[in-house]
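The sequence and its predicted three-dimensional model are supplied below.
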Amino acid sequence: MNLFAEYQKGLVYADFLARYANDNQKRRWQEVFEQVTLTEAQTALLSSFTREMPVLCLAGAWCGDCINQCPIFERFAEKTPCLKVRYLDRDDHPQVQRELQINGGNRVPVVVFFSEDGFETARYGERTLSQYRKMVRDQVGAMCPTGINNPADPLIAQVTQDWLNEFERVQWLLRLSPRLRQKHGD
């Protein structure tokens, strides 16, 4: 399957919500969006991006994980013109859903990163490491502390950083790509 062709069918954030979210869902997405704040360092990092990054997000307006994570992508996109995030509804695109299954299941959000010319560079989803750490603490019980996760930080800040780490990783992958460096003469 050509996922970049599917990306090109995707909707921008506002259009996705207008088409797929009911009023209650729109309100919940907006509440999370308002909670997503970026530090000066995070904003500076996003502002330093130079490679265009088309990003496909398979999502559901009804999905709690999407409500709690997709607004983060929109906040990132506000800070750099390099991010071109497009959303596809999981249920309206069953072929993409099958292609992006995780652990044999239909999960959302799932993000696919592309180079500016349509080569897939990475996939990430459906929850971040900080979210899974919290879920393990809540559902499995105490676990050995890693010292990596600061439980005093609100989960939204931790998840935002997790996603930013992945967006940054892909940006540097693109920035250091010999093929793209040759194309851009840098």
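All right, it came through fine.

Low-confidence ranges, this structure, go.
Scanning the chain with the threshold set as pLDDT under 70 gives 141-153.

Mind naming the longest helix for it?
Longest helix of the chain, by residue count under DSSP state H: helix 155-175.

In contact with the residue nearest to L129 when sequence neighbours are not counted, which residues?
Take L129 and drop its neighbours on the chain: the residue closest to it by CB to CB, 6 or more residues apart in numbering is D162, 5.6 Å away. From N, CA and C alone the C-beta is placed, and that goes for glycine too. Neighbour list for D162: T128, L129, S130, Q131 [criterion: CB atoms under 8 Å, 6 or more residues apart in numbering].

Please apply the same query to P71.
W29, Q30, V32, F33, V36.

excluding its backbone neighbours, what's nearest it?
Spatial nearest neighbour of P71, excluding adjacent residues (CB to CB, 6+ apart): F33 at 3.7 Å.

re earlier: what separates the residue nearest to L129 from Q182, distance-wise?
Applying CB to CB, to the nearest Å, the value for D162 to Q182 is 32 Å.

swap in Y124?
27 Å.

For those two, indicate the residue with more neighbours.
With neighbours defined as other CB atoms under 10 Å, Y124 and Q182 compare such that Y124 has more, 18 against 9.
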